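*Asks:* Need coordinates for the below:
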Amino acid sequence: MNQAKAVNAIKGAVRKAFTWYSEEYKEAYKRATVRVLIKDKDGNPTGRFRDFVECAQCKNHFYKKDTQIDHIEPVGKAFDWPLNETFLVWFHKLWCSVDNLQALCKDCHSAKCKLERKQGKYK
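*Replies:* This next block holds a predicted model:
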């Protein structure tokens, strides 16, 4: 395994752990969840509700599986090999306050990441 693959493997494992175990991540989804009254095909209320996640950017409602949690202030360029203080800064930013997290639909998240890469904020 070369150096770039090793760094990417470490980054991937840390990010996955963040999304699975972070209380902040769960709280960000909780804050973005909206309860919507379901209507029948004629537009009449059924009395049933369904939870959706509201995208912080486009404000549309999505199923949770169609959204992603995003860092408002980008985590930024990760780190290089060998591991050094930039890794610790990156790691600290990854485990940030829930106030730096937002739920975005996949399209808005992709557009935001593309813009951040173009601006050199994200790698």
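*Asks:* middle-most residue in the chain, spatially?
*Replies:* With distances taken as Cα atoms, centre = their mean, the residue of the chain nearest its centroid is residue 69 (1.9 Å).
*Asks:* Verify the stated contact: that residue with residue 28.
*Replies:* Yes: counting by Cβ atoms under 8 Å, residue 69 sits close enough to residue 28 to count as a contact (5.1 Å). Just so you know, the C-beta spots here come from the backbone N, C-alpha and C atoms, and that holds for glycine as well.
*Asks:* Distance from stretch 65-74 to the middle of the chain?
*Replies:* Its chain's C-alpha centre and that of stretch 65-74 lie 2 Å apart, by Cα atoms, centre = their mean, to the nearest Å.
*Asks:* Show me what counts as buried in it.
*Replies:* Using 16 or more other Cβ atoms under 10 Å as the test for burial, stretch 65-74 gives 67-71, 74.
*Asks:* Could you list the low-pLDDT ranges of this structure?
*Replies:* Scanning the chain for pLDDT under 70 picks out the ranges 1, 19-21, 76-85, 121-123.
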